[in-house]
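[1] Quick one: sequence and predicted model below, then my questions.
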Amino acid sequence: MNIITSPEDMQKTALALRRAGKRIGLVPTMGFLHEGHLSLIKLARRQANVVVLSIFVNPTQFGPNEDFSRYPRDFERDAALCKAAGVDIIFNPVPEAMYPAGYSVHVEENALSKGLCGASRPGHFRGVLTVVAKLFNLTLPDVAVFGQKDAQQARLIQQMARDLNFPVTIVLAPIIREADGLAKSSRNTYLSPAERREALCLQQALKTARRLYREGERDGQQIITAMKSGIEQIHSARVDYIAIVDRDKLQRVQRIEAPILVALAVQIGKTHLIDNLTLPEDGLSNLPE
Ligand code: AMP
């Protein structure tokens, strides 16, 4: 396994691989890897000869009051996990190399990025799209894998690849969960034992939505109200948003008639957690019964 830190070296290596006829698979991450990331690597390996995993805690996608400096980092552990999982190249640049002095070009999306996490995290998706566009140009992937855990992000990246003509196939990976159903996240390490138990309220709310949907409820607001009232019982939980949106445009729907995404973000103590459910279920959300 090769570890590359310089963007120029990464691009040169990727160009040489492409010229040699290799298919490159990219898995972008912020590190502190868990089984969710490992499942993305597995999918990339199936579709590519060379798997590049990027580890970059991207400063431009964090707001001023967010957790950029305390975001968990452990490169040695990540490298060992990557090696065992069959990653060929880790790309691990420093922020100054990705955003040199005078950096001034960004990628902005003006429809899908406005709601859900985009509404409560201004500038977040501009940072995400910018860094992913740069990673595409540096690693020249044939295929790039993103997790349904960040459903809005995945949808936005599909849109960016289409609208900016990146010659890359975007593959979506199902949500990987802990044994008790909590969606795996590097941020789960912030939770105290009591908060860890309370964090189950996100999937409980999604289960409420699924139960009502299965019983025939099609009024979005009824479902949201029921989800909210469950979370309001939880001491450390503060709802950021609960939304029912269509799968394509991510716009709120009142009456559920086509496939939808039920998405929520909840602050547990100081930790921002997200989760989601696709209805009808298609295996992407992996919500336990
Ligand atoms: P992150 O390191 O949190 O930025 O995540 C890197 C990639 O892993 C993104 O495409 C995420 O959607 C994906 N990911 C994170 N957590 C999970 C999970 N629990 N299951 C599946 N994919 C995940």
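    Everything's here; your move.

[2] now the residue most central in space within the chain, what's its secondary structure?
    Nearest to the geometric centre of the chain sits D150, at 3.2 Å (C-alpha atoms, centre = their mean). Secondary structure, DSSP: H, G, I helix; E, B strand; the rest coil: D150 is helix.

[3] ok, now how distant is it from the ligand?
    4 Å (C-beta to the nearest ligand atom, to the nearest Å). (Glycine included, C-beta is placed from N, CA and C.)

[4] how about that residue, what does it touch?
    I274 (C-beta atoms under 8 Å, 6 or more residues apart in numbering).

[5] and if you look at P59?
    The contact partners of P59, taken as C-beta under 8 Å, 6+ apart, are F68, P95, Y99, G127.

[6] The last one: neighbour count?
    Burial of G127 is recorded as 18 neighbouring residues (other C-beta atoms under 10 Å).

[7] in a helix, that's where it is, yeah?
    Yes - the assignment for G127 is a helix, going by three-state DSSP.

[8] Surely G115 touches D246?
    No - in this structure, G115 is not within contact of D246 by C-beta atoms under 8 Å, at 11.1 Å.

[9] who's more crowded, those two?
    Neighbours were counted for G115 and for D246 using other C-beta under 10 Å; G115 has more, 18 against 15.

[10] Report pLDDT for the more buried one.
    On the pLDDT scale, G115 is placed at 97.

[11] Next one: it from R252, what distance?
    Going from G115 to R252 by C-beta to C-beta, to the nearest Å gives 7 Å.

[12] Need the overlap of contacts for these two.
    What both G115 and R252 touch, as defined by C-beta under 8 Å, 6+ apart, is the set A243, V245.

[13] Please report phi then psi for the residue in the stretch 51-200 of the chain that the ligand sits nearest to.
    Taking C-beta to the nearest ligand atom as the measure, the point where the stretch 51-200 of the chain comes nearest the ligand is G147, at 2.4 Å. Note on G147: backbone dihedrals following degrees, to the nearest 10 are phi -90, psi 140.

[14] so what's it closest to, chain neighbours aside?
    Distances taken as C-beta to C-beta, 6 or more residues apart in numbering put A173 closest to G147, at 5.0 Å, once the chain neighbours are dropped.

[15] How many neighbouring residues does that neighbour have?
    By the criterion of other C-beta under 10 Å, A173 has 21 neighbours.

[16] for the ligand, what are the nearby residues on the stretch 101-250 of the chain?
    F146, G147, K149, D150, A173, I175, I176, A183, K184, S185, S186 (C-beta under 6 Å from any ligand atom).

[17] Need the worst-confidence member of those.
    Lowest pLDDT among those: S186, 94.

[18] what sits against the residue lying closest to that one once chain neighbours are set aside?
    Leaving aside its sequence neighbours, S186 sits nearest to F32 (C-beta to C-beta, 6+ apart; 4.0 Å). Residues near F32 by C-beta under 8 Å, 6+ apart: Y71, P72, R73, D74, D78, S186, T189.

[19] quick one: what helix or strand has A263 in it?
    A263 belongs to strand 260-268 when assigned by DSSP states H and E.

[20] CA atoms of that strand as CSV?
    Taking Å, rounded to 0.1, in the frame of the first residue of the first chain, the C-alpha atoms of strand 260-268 are listed here in CSV:
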residue,chain,number,x,y,z
ILE,A,260,-39.3,9.3,-0.4
LEU,A,261,-36.5,9.9,1.9
VAL,A,262,-37.2,10.3,5.6
ALA,A,263,-34.2,12.3,7.0
LEU,A,264,-33.4,13.7,10.4
ALA,A,265,-30.7,15.4,12.2
VAL,A,266,-30.6,15.5,16.0
GLN,A,267,-28.2,17.0,18.4
ILE,A,268,-27.4,14.6,21.3
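
[21] How about L172: which residues does it bridge to?
    F146 (DSSP bridges).

[22] Would you confirm that it contacts A154?
    Yes - using C-beta under 8 Å, L172 is in contact with A154, at 5.6 Å.

[23] joint contacts of those two?
    With C-beta under 8 Å, 6+ apart as the test, L172 and A154 both reach F146, G147, Q148.
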